[in-house]
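1. fold the following for me, if possible:
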Amino acid sequence: MSTKPTADNINDDLVGQVDQSELLDLLGYNVRRAYLVIQAHFDMQMEKLEVRQADFAVLSTLRRNPGINQKSLAEALAIAPPNLATLLDRLESAGLLARQRSTGDKRIQLVSLTPQGTKLHTQAVKAARKADEAAVHRLSSDERDQLRLLLSKIFQD
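-> Numbers count the residues shown, from 1 in each chain. Presented below is the predicted three-dimensional model:
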């Protein structure tokens, strides 16, 4: 039975010195391992706020794009529309966002943060920055900038 990765145990050698040279030559494996470290720090910082990574992505996108339609939001976050609808239902029930029909096209739902959602987003941004700092504390500022640039080249067309 495996244990869930935490910020404390994510880099532990579970089996001692294991030869992972083949895996370490693969970019995908290294990205996944780095993601696990980052995710563990994020989860630790967001636990008190009860904010998940997908929640934070939605809150942040809505903060910068008030009144965005659901289709554009799903595309921007690379979330399948049915999954986004479920996520938005939960956040709306929590009072963090509001949806309204477009006046020009009643089929279109426009999404915005509520004041409560804006307040939570402000707290979550601080926590996310702390998590990022803890996860990449071994990298210099220039290395962090370079890493962001290189990663964005992979996922942007």
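2. CA only for contacts and neighbour counts going forward, please
-> Fine.
3. now Leu110, what's its secondary structure?
-> Recorded secondary structure, Leu110: strand (DSSP: H, G, I helix; E, B strand; the rest coil).
4. any idea how far Gly104 is from it?
-> 11 Å (CA to CA, to the nearest Å).
5. so for those two, which residue has more residues nearby?
-> Leu110 (20 against 7; other CA atoms under 10 Å).
6. count of residues packed around the nearest residue to that one once chain neighbours are set aside?
-> Spatially, and ignoring its direct neighbours in sequence, Leu110 is nearest to Asn69 (4.3 Å; CA to CA, 6 or more residues apart in numbering). Neighbour count for Asn69, taken as other CA under 10 Å: 19.
7. for Asn69, phi and psi?
-> The phi and psi values for Asn69, taken as degrees, to the nearest 10, are phi -80, psi 160.
8. now do the contacts for it.
-> Asn69 is in contact with 108-111, counting by CA atoms under 8 Å, 6 or more residues apart in numbering.
9. just name the closest of those to Arg63, please.
-> For those, the residue nearest Arg63 by CA to CA is Val111; the value is 10.2 Å.
10. please look at the closest one and Arg63 and confirm they touch.
-> No: taking CA atoms under 8 Å as the definition, Val111 is not a contact partner of Arg63, at 10.2 Å.
11. quick one: the residue nearest in space to the middle of the chain from Asp43, how far?
-> By CA atoms, centre = their mean, the chain has its centre lying nearest to Gln53, at 3.7 Å. Applying CA to CA, the value for Gln53 to Asp43 is 8 Å.
12. repeat for Leu23
-> Separation of Leu23 from Asp43 (CA to CA) stands at 26 Å.
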